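Trainee: build me a structure from this.
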Amino acid sequence: MELFFKYLQYEKRFSPHTVTSYQTDLYQFQEYLKETYELTDISKADHAIIRSWVVALVQKDLDSRTVHRKIASLRSYFKFLLNRGEVEQNPTLRIKAPKLAKKLPAFIPEDAFTQLLDQGDFSDDLKGHTERLILELLYGTGMRLSELIGLKVNDVNHLEGTIKVLGKGNKERILPLNSSIKEALGRFLEMRRAHSTDNNSTHLFVTDKGLPLYPKYVYRVVKKYMSTVSTSSKNSPHVLRHSFATHLLNRGADLGAIKDLLGHSSLAATQVYTHNSIEQLKAVFEKAHPKA
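Mentor: Got it, this is the predicted structure:
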């Protein structure tokens, strides 16, 4: 399995977060084999054993997407073993995953984010400017949490008004910055330069100790401010990414352009946002049309 994880990290160039998900899934399956069948070698698992594991996962009331991901992790591992000649067939190919419940991406209303920035109690120090810029970048560019944390000072092109992000599969993309972000970025960098402990860090966002920002910090910031304008329990960085895409689409942006901004590898991943727009059109129709 360690060879497989190195393959994912160095050859497939998956993010550390994705590799950790694979590790979690395979270690959990390995533990299931030990406890249920007294097996230690995953490669010895057949179709019936894997199917019993899937049934056990479903009986735990796990989200169907989580079950799908775990099956996909195991399927990828068996494909790896098959390519290396360690097994003769991939027993996961006969496994049927449970049906996925259709979930529309959660997003906040357009005016809610403006209200958040206008009414947010941001302190006039490095912490306050950091929190504001985090929110501005997540909503104003649609970048992922991992991309935000990985930003370097040199990724900002002040002349062009753009920022470079490193996305999934170590793919770089250039994102435009709106005037609000540029203003927030300017104030933040000025405050950052005056701060004595983090001047040597190449990361754009750092902790008080000069270390790169961590995911939980960003989650806390987003939840803290979004809870003032949204009653939803899903106040996360990804909701701001969803909101960015949904609001662009509602205002007539080209789906292909949104795909490139989000860093999606295929248009299929972006098309989920069209459902939100359709739902909005239905709501307008039902409210305004005399025959609705």
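
Trainee: hey, let's count contacts and neighbours off CA atoms from now on
Mentor: Noted.

Trainee: next, count neighbours for residue 243.
Mentor: Burial of residue 243 is recorded as 23 neighbouring residues (other C-alpha atoms under 10 Å).

Trainee: same deal with residue 145?
Mentor: Neighbour number of residue 145 under other C-alpha under 10 Å is 18.

Trainee: what about the helices in the stretch 101-250 of the chain?
Mentor: Listed in chain order, the helices of the stretch 101-250 of the chain (DSSP state H, counting those that start in this stretch) span 110-119, 126-141, 145-149, 179-194, 215-226, 237-250.

Trainee: any chance of those helices in CSV with mean pLDDT as columns?
Mentor: Below are those laid out as CSV (pLDDT from 0 to 100):
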stretch, mean pLDDT
helix 110-119, 85
helix 126-141, 95
helix 145-149, 95
helix 179-194, 93
helix 215-226, 94
helix 237-250, 91
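
Trainee: switch those helices over to JSON lines; also include distance to residue 86.
Mentor: Shown next, in JSON lines, are these (distance: least, C-alpha to C-alpha, whole Å):
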{"stretch": "helix 110-119", "distance to residue 86": "53"}
{"stretch": "helix 126-141", "distance to residue 86": "44"}
{"stretch": "helix 145-149", "distance to residue 86": "34"}
{"stretch": "helix 179-194", "distance to residue 86": "52"}
{"stretch": "helix 215-226", "distance to residue 86": "37"}
{"stretch": "helix 237-250", "distance to residue 86": "39"}
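
Trainee: residue 161 is nearest to which of those helices?
Mentor: Closest of those to residue 161 is helix 179-194, at 7.3 Å (criterion: C-alpha to C-alpha).

Trainee: what's the angle between that closest one and helix 126-141?
Mentor: 150 degrees (axes from the mean of the first three to the mean of the last three C-alpha atoms, to 10 degrees).

Trainee: which elements pack onto helix 179-194?
Mentor: helix 126-141 (3 or more C-alpha pairs under 8 Å, 6 or more residues apart in numbering; DSSP states H and E).

Trainee: may I see the buried residues of the helix it packs on?
Mentor: 126, 129-141 (16 or more other C-alpha atoms under 10 Å).

Trainee: quick check: which of the helices of the stretch 101-250 of the chain is nearest to residue 56?
Mentor: Of all those, helix 237-250 comes closest under C-alpha to C-alpha, at 29.6 Å.
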